[in-house]
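Enquirer: Prediction below, plus the sequence it came from.
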Amino acid sequence: MPEPIRRTTARVVPVSPEGACLLLLERDPSRADEPYWGTIGGAANPGETLPDAAVRELCEETGIVVDAADLTPPFHQRVTEFSWNGVHYLADSTVFALSLRPDRTITFEHLEPEEIGNVLEARWLTPQQAALDGRLMWPDLPEVLSSAVEAAGGGR
């Protein structure tokens, strides 16, 4: 197997005042019958700060525009190997939280061409609801979501 492509990624978990997190139901085109709930985010562009990459990805994937100053400090970091559309990656992900009201309009109008048809749904889920669903990008996603809720001050 070839060496994975290394990517620095920024991810953001919007958190409602009630403690629900905005997730995307996505799929890998090479495994279209295996959708999973994931956080919003993706690769940082050259020269782009991680907070700027996180808010850009939020806009691209949901249509929601916020300022990088609205993000919490990073609350989680991980290195993950994964494949997408047959390409093997090693992602160094930094995760931010964002306090956000759940009545914001979500649109998929700004998706990257390869994401169109592979981002299936956006939904507000509590960490417990995500755990019960079980279709998760990371096995410990419910714990990451709980940390996001704490970082954003949600659920109060």
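Expert: Sure, I can see it. What you see is a predicted model; the values in this text were computed from it and never measured. Numbering: from 1, shown residues only.
Enquirer: For this protein, which segments count as helices?
Expert: 50-62, 127-133, 141-152 (DSSP state H).
Enquirer: for the longest one, packing partners?
Expert: In other words, helix 50-62. strand 5-15, strand 21-26, strand 40-43, strand 87-99 (3 or more Cβ pairs under 8 Å, 6 or more residues apart in numbering; DSSP states H and E). Just so you know, the C-beta spots here come from the backbone N, C-alpha and C atoms, and that holds for glycine as well.
Enquirer: Can you get me a residue count around residue 109?
Expert: 8 (other Cβ atoms under 10 Å).
Enquirer: Does it touch residue 63 like I think?
Expert: Yes - look at residue 109 against residue 63 with Cβ atoms under 8 Å: they come within range, at 6.0 Å.
Enquirer: lowest confidence element among the helices and strands of this protein?
Expert: Within the chain, no helix or strand scores below strand 76-84, which has a mean of 92 by mean pLDDT, DSSP states H and E.
Enquirer: Please state the offset of that strand from the chain centre?
Expert: Distance of strand 76-84 from its chain centroid, counting by Cα atoms, centre = their mean, to the nearest Å, is 12 Å.
Enquirer: how long is stretch 110-119 from one end to the other?
Expert: 11 Å (Cα to Cα, to the nearest Å).
Enquirer: Any buried residues in it, and which?
Expert: By 16 or more other Cβ atoms under 10 Å, the buried positions in stretch 110-119 come out as 111, 115, 118-119.
Enquirer: As TSV, these with distance to residue 25 and pLDDT would be great.
Expert: Shown next, in TSV, are those (distance: Cβ to Cβ, whole Å; pLDDT from 0 to 100):
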residue	distance to residue 25	pLDDT
111	13	92
115	12	90
118	10	91
119	8	93
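Enquirer: ok, the nearest residue to residue 137 once chain neighbours are set aside to residue 86 distance?
Expert: Spatially, and ignoring its direct neighbours in sequence, residue 137 is nearest to residue 38 (3.7 Å; Cβ to Cβ, 6 or more residues apart in numbering). For residue 38, the distance to residue 86 equals 18 Å [Cβ to Cβ, to the nearest Å].
Enquirer: of the two, who's got more company?
Expert: Taking other Cβ under 10 Å, residue 38 and residue 86 do not tie; residue 38 has more neighbours (19 against 9).
Enquirer: Thanks a lot, see you next time.
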